[in-house]
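Enquirer: Got a sequence here, can you model it:
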Amino acid sequence: MVKKHFTLRLTVASFLAFLSLVFASFSCQDHEVPQQPEQPQQPKLAQINTMSAVYGGATNIFSYTVQFEDLGNVPIIEYGIVSYAGETNENHVPDVPAAPYVFPFYERQFAFTEHMPATLNAVTITRPFDQQSNTPTRLFYRAYAIHSNNAVVYGEVKFVDFLKNEDAIIKPVIKTLDASKGDDSDFIAYSLKFDAIGNLPVNEYGIVTYQGKPNEQQTPEVPTDNPLEKKYPYVDAVNLDVKNIIKQYDGPTDGPIRLFYRAYAVLNSGEVVYGEVKFLDFEIEVLPAISTLEPGSLSSSGQSDVLVSFRVQFTSLGNVPVFQYGIIYDSGVPGDTKTPDFPITSSEVNRSVAGSPNGPALNNLDLNLKTNLTTITRGQSTKRIFYRAYAMLSTGEFVYGTVRFLDIAP
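Expert: The predicted structure is shown next:
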């Protein structure tokens, strides 16, 4: 009896062990965990601090400093200082965009464009106080930052109390903004801006340029004594608005061009103040110009044929390679009007003087007269030949001379 009881206990224990192994094998299998949807990133704006400005006393120069504590995750497109000059008993909070107030007190907005993109480093700009005040002045200022979603954050409002030295000479501060050129245009769009007007009258201001090459380093100046220098004055009154002017490039076109430019302001004292020198690199396509001349001679090469000496001449070679040039003509009768061109039709004829439509480019072009002798068969009535010079360019374009005609009697 004791032995049977022992056997039964052993059997139950074995069965329980078997079950534990089965459950353990199930627990070792991989289980897929459903993925949680990714949460969109919440916009976080920057945090910017207004550092104490430094006033230069008799020079009326202020040094403004700002520093980001956190750049956030929304792109910063502009930051700087906005200020307001008022009276010492005022309380004012300057905002952007800076809004003009009743003379002589205005808001000013100074963008730290030369310190973009924004970093966590403290950055400083200096600007003269360019407003009029005969009494003690309280200059309110604070840092600002504008984000790509148009959200604006500010630093603490601070102020400086001072009495402006009316005898101080304050020159204007002028800034050269980036110029631009269209890819398929030779027009240049220039821009400038006064950051501060100062208290010296400005007789003239604008953009001065120097037409150079990419391997050069030039500093355009006024007066423009160098033939490669040009100046483009603005006619608008001096203020803090951005000034724009568009001018056609009219300088050298042989090869790559580096156009140096900067803003300038001529003071009534004759002194000139400048903005930063900048440059544009580009290359302008100048098409050649070809002229259709009167035939050099008409002579009979047989009873029914006329030998015509067509003449063409380049008046300008341009800088676009030429693959082929010559005369293209079409036949008609007096009273017709025809303009032979490419692609040629069944009635048109192409008489090449030099080159192939498939290249290579002709490297020996010059401005000398060129001729082509062509035999034309007489008709039963007067035949009118419409002809003109052409040049086939490496770009696939054609340039033409004037259409002329000659009458060939039967």
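
Enquirer: Which helix or strand contains the residue nearest the centre of the chain?
Expert: The C-alpha lying nearest the average C-alpha coordinate of the chain belongs to residue 180 (Cα atoms, centre = their mean; 3.0 Å). Residue 180 is part of strand 173-181 when elements are defined by DSSP states H and E.

Enquirer: tell me what that strand is packed against?
Expert: Judged by 3 or more Cβ pairs under 8 Å, 6 or more residues apart in numbering; DSSP states H and E, strand 173-181 is in contact with strand 187-196, strand 202-212, strand 257-267, strand 272-274, strand 278-282. C-betas here are computed from N, CA, C, even on glycine.

Enquirer: Just checking: what are the partner strands of the fourth one?
Expert: Put plainly, it is strand 272-274. When pairs are called by DSSP bridges, strand 272-274 turns out to pair with strand 257-267 (antiparallel).

Enquirer: on that earlier part again, now do the contacts for the residue nearest to the centre of the chain.
Expert: Applying Cβ atoms under 8 Å, 6 or more residues apart in numbering, we find residue 180 in contact with 188, 189, 280.

Enquirer: Distance of it relative to residue 278?
Expert: Using Cβ to Cβ, to the nearest Å, we find residue 180 at a distance of 11 Å from residue 278.

Enquirer: Equivalent analysis for residue 357, please.
Expert: Distance from residue 357 to residue 278, counting by Cβ to Cβ: 42 Å.

Enquirer: before we move on, what about residue 269?
Expert: 26 Å.

Enquirer: The two: which has the busier surroundings?
Expert: Set side by side, residue 269 and residue 278 show more neighbours around residue 278, with 15 against 11, by other Cβ atoms under 10 Å.

Enquirer: Show me what the more buried one is bridged to.
Expert: residue 261.

Enquirer: just for the protein, where's the confidence low?
Expert: For the chain, applying pLDDT under 70 flags the ranges 1-38, 58, 100-105, 132-134, 165-168.

Enquirer: host element of the closest residue to residue 124 other than its chain neighbours?
Expert: In this structure, residue 124 finds its nearest non-sequential neighbour in residue 65, 4.4 Å apart by Cβ to Cβ, 6 or more residues apart in numbering. Per DSSP H and E, residue 65 falls inside strand 61-70.

Enquirer: just checking, next helix/strand downstream of that strand?
Expert: Per DSSP H and E, strand 61-70 leads on to strand 76-87 as the next helix or strand towards the C-terminus.

Enquirer: Against which helices or strands is that next one packed?
Expert: strand 61-70, strand 107-111, strand 137-147.

Enquirer: let's see it at 6 Å
Expert: strand 107-111, strand 137-147 (3 or more Cβ pairs under 6 Å, 6 or more residues apart in numbering; DSSP states H and E).

Enquirer: What residues of the next helix or strand after the longest one count as buried?
Expert: Which is strand 137-147. The first helix or strand that comes after strand 137-147 along the chain, using DSSP H and E, is strand 152-154. Residues of strand 152-154 classed as buried: 153, 154 (neighbour count, 16 or more other Cβ atoms under 10 Å).
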